[in-house]
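Trainee: Pasting the sequence and the predicted model now:
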Amino acid sequence: MAELKFEVVKEIAILSESAKGWTKEFNLVSWNERDPKYDIREWSPEHEKMAKGVTFTKEEIKILRDALNKLDI
């Protein structure tokens with residue numbers, strides 16, 4: 001399997017942290033040297049390893065933002 005290349009372009013928010021030090025983060029990440037996408041996933045300390053996550057285009061994140069703004073939290 002080919003090596004996965006990634007670069008955390010911008011750290012936006014840490015959403016939570018586990019007892020083992022992994023953090024669930026909302027970041028802007030470039031995968032395999034492509035244009036960066038908005039990304040939510042868990043990361044090990046120092047961003048050495050990652051869990052499965054979800055990526056969003058700019059258009060998708062705008063739709064998500066609008067949906068979240070409509071919630072009565």
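Mentor: Perfect, I can see it now.
Trainee: just the helices in the chain please.
Mentor: Here the chain has its helices, by DSSP state H, at 58-70.
Trainee: now the strands: where do they sit in it?
Mentor: Applying DSSP state E to the chain gives strands spanning 6-17, 23-31, 37-43, 54-56.
Trainee: Make a markdown table out of those strands and add mean neighbour count, distance to residue 65 and mean pLDDT.
Mentor: C-beta coordinates here come from the backbone N, C-alpha and C atoms, glycine included. Listed next are the strands of the chain as a markdown table, based on neighbours: other C-beta atoms under 10 Å; distance: least, C-beta to C-beta, whole Å; pLDDT from 0 to 100:
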| stretch | mean neighbour count | distance to residue 65 | mean pLDDT |
| --- | --- | --- | --- |
| strand 6-17 | 13 | 12 | 97 |
| strand 23-31 | 18 | 11 | 97 |
| strand 37-43 | 19 | 10 | 98 |
| strand 54-56 | 14 | 10 | 98 |
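Trainee: can you list those strands in TSV and add distance to residue 70?
Mentor: Compiled in TSV, those are given as follows (distance: least, C-beta to C-beta, whole Å):
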stretch	distance to residue 70
strand 6-17	20
strand 23-31	19
strand 37-43	19
strand 54-56	17
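Trainee: Check whether residue 57 really touches residue 37, as I assumed.
Mentor: Yes. The pair residue 57 / residue 37 is scored as a contact, 6.1 Å apart, by C-beta atoms under 8 Å.
Trainee: re the thing from before, of all the strands of the chain, which one is nearest residue 72?
Mentor: Closest to residue 72 of these, according to C-beta to C-beta: strand 6-17, at 20.2 Å.
Trainee: Does anything pack onto the closest one? Which helices or strands?
Mentor: Applying 3 or more C-beta pairs under 8 Å, 6 or more residues apart in numbering; DSSP states H and E, one finds that strand 6-17 contacts strand 23-31.
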